[in-house]
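Novice: sharing a sequence plus its predicted fold:
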Amino acid sequence: MFKILTLNNISVAGLNRLPRDKYEVASEIMHPDAILLRSFKMHEMEIPKTLKAVGRAGAGINNIPVEKLTSMGIPVFNTPGANANAVKELVVAALLIASRNLTQAWDYARNLEGDDASIAKAVEAGKKKYAGTELPGKTLGVIGLGAIGGRIANAVIGLGMKVIGYDPTVTIQHAWNLSAEVQRALSFEELLSEADYITFHVPLIDATKNMLNAERIKHMKNNAIVLNFARGGIVDDDAVIKALDEEKLYAYINDFPTNENKNHPRVVSLPHLGASTFEAEENCAVMVADQIQDYLENGNITNSVNFPEMKMPRAGASRITISNSNVPNMVGQITSVLADSGINIVDMLNKSRGDIAYNLVDLGTGADEEVVNKIKQIEGVLAVRII
Ligand SMILES: NC(=O)c1ccc[n+]([C@@H]2O[C@H](COP(=O)([O-])OP(=O)(O)OC[C@H]3O[C@@H](n4cnc5c(N)ncnc54)[C@H](O)[C@@H]3O)[C@@H](O)[C@H]2O)c1
Ligand SMILES: O=C(O)CC[C@@H](O)C(=O)O
């Protein structure tokens with residue numbers, strides 16, 4: 001029986017992928033084999049000794065101690081693209097919310113008092129304060145052209161906008177998916193100087209912390225609008241609020257409320273709603289549950305953020321999986337242990353990614369704990385399983 005600890009609500013469509021005769025799933029469970037989570041901050045958590053995998057039902061992994069887990073030989077999975085449409089739709093809504101002053105106008109309308117005739121009069125008198133601008137012909141700067149940024153770029157071209165994108169590490173696949181109309185910025189500053197709106201779709205990592213700061217705001221057009229549906233910390237809120245107060249920027253729509261930003265009259269802060277649609281929650285949960293199941297039962301790895309992609313059809317009587325440091329002569333030492341134990345290798349796959357290497361080894365006979373212990377004793381071996 002595999003034990004799965006859930007640290008956030010995971011859509012039941014995903015949990016139902018894990019057959020109850022093989023999986024025990026609970027939000028409180030001892031000795032878990034795997035953890036499923038969304039935004040729970042795992043950094044302070046003690047990692048259970050039994051843990052074999054972590055599955056993030058979503059894209060961002062800044063809440064997970066990936067480096068520590070890697071050093072323990074534990075793969076972390078996420079669900080690339082599974083919630084991208086949800087974020088895209090919210091960003092399109094945010095463009096319209098900001099351009100048409102919708103929250104301020106709504107606030108005005110719902111605070112009107114008197115009979116309907118006087119409300120109608122006040123509507124006509126007051127609406128000029130909320131007149132906005134239209135999207136066609138304006139330029140959206142997209143920072144990060146991955147699953148979400150790429151979809152947004154393509155969608156707003158359909159609305160008549162121009163798009164300039166900045167992503168020095170974009171994958172070939174994501175670049176292929178981009179409309180040919182997306183212009184490439186060679187620097188972040190170039191994007192900032194051309195855009196009427198900017199939107200962030202990068203992970204929160206050292207290189208993206210306070211990516212939009214006071215110095216960079218100086219490069220922006222007057223009255224530009226900033227959208228942040230990536231992570232708090234990517235935009236320096238202090239600097240943006242100062243620029244709003246000085247009427248350098250026009251509006252800031254974000255998914256990460258703070259005491260500083262949530263009540264500002266030119267800010268709309270939403271409660272981390274980007275991925276909160278029924279469809280996205282289901283997509284993420286199903287994808288992550290399938291990946292965790294295939295890893296626990298077969299050792300295969302799909303969409304890991306720290307381990308190589310590995311898939312090998314089952315052959316032979318049993319399979320062992322080995323995570324080890326990516327140093328010379330590991331495969332030689334592992335196969336020697338098997339040979340010395342009289343075990344024949346039927347099939348084998350070895351791949352590395354950065355500092356980690358991972359092996360799937362199908363054996364002609366079953367392997368026992370003694371063999372596993374011998375492999376564990378090899379210097380550099382981080383985790384071994386028989387499945
Ligand atoms: N608000 C929400 O609910 C919500 C939902 C999903 C994702 N997110 C956030 O959005 C981020 C992006 O998600 P995604 O699915 O598009 O991920 P993704 O990995 O598909 O795309 C991220 C892109 O950012 C690019 N990038 C990385 N560093 C960069 C830099 N310094 N400058 C420019 N580009 C850079 C990468 O090359 C990649 O193409 C996630 O990491 C997560 O933090 C938020
Ligand atoms: O799980 C969520 O609700 C948010 C997920 C989102 O921020 C992500 O990074 O995928």
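Specialist: Everything's here; your move. Ligands and ions are numbered 1, 2, ... in the order given.
Novice: which neighbouring elements make contact with the helix or strand containing residue 150?
Specialist: According to DSSP states H and E, residue 150 maps onto helix 147-157. Other helices and strands packing on helix 147-157, by 3 or more CB pairs under 8 Å, 6 or more residues apart in numbering; DSSP states H and E, are helix 84-99, strand 139-143, strand 162-166, helix 172-177. Heads up, the C-betas are built off the backbone N, CA and C, glycines and all.
Novice: hmm, 10 Å instead?
Specialist: Under the contact criterion of 3 or more CB pairs under 10 Å, 6 or more residues apart in numbering; DSSP states H and E, helix 147-157 touches helix 84-99, strand 139-143, strand 162-166, helix 172-177, strand 197-200.
Novice: check what pLDDT residue 234 gets.
Specialist: The model reports residue 234 with a pLDDT of 98.
Novice: any idea how far residue 152 is from it?
Specialist: Residue 234 sits 15 Å away from residue 152, going by CB to CB, to the nearest Å.
Novice: of the two, which one has the most company?
Specialist: Higher neighbour count among residue 234 and residue 152: residue 152, with 27 against 23, using other CB atoms under 10 Å.
Novice: and the more buried one, what is it in contact with?
Specialist: Counting by CB atoms under 10 Å, 6 or more residues apart in numbering, residue 152 makes contact with 84, 87-92, 95, 140, 142, 144-145, 163, 165, 199, 201, 227, 229.
Novice: equivalent analysis for residue 103, please.
Specialist: With CB under 10 Å, 6+ apart, residue 103 has these contacts: 97, 130, 251, 253, 265-268.
Novice: among those, name the buried ones.
Specialist: 97, 130, 251, 253, 266-268 (16 or more other CB atoms under 10 Å).
Novice: where along the stretch 201-350 of the chain do the helices fall?
Specialist: Along the stretch 201-350 of the chain, counting by DSSP state H, counting those that start in this stretch, helices occupy 214-217, 237-245, 278-298, 330-340.
Novice: what packs against the shortest one?
Specialist: In terms of contacts (3+ CB pairs under 10 Å, 6+ apart), helix 214-217 is packed against helix 188-194, helix 237-245.
Novice: can I get the ones you listed in TSV with mean neighbour count and mean pLDDT?
Specialist: Formatted as TSV, those follow (neighbours: other CB atoms under 10 Å; pLDDT from 0 to 100):
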stretch	mean neighbour count	mean pLDDT
helix 188-194	18	98
helix 237-245	18	98
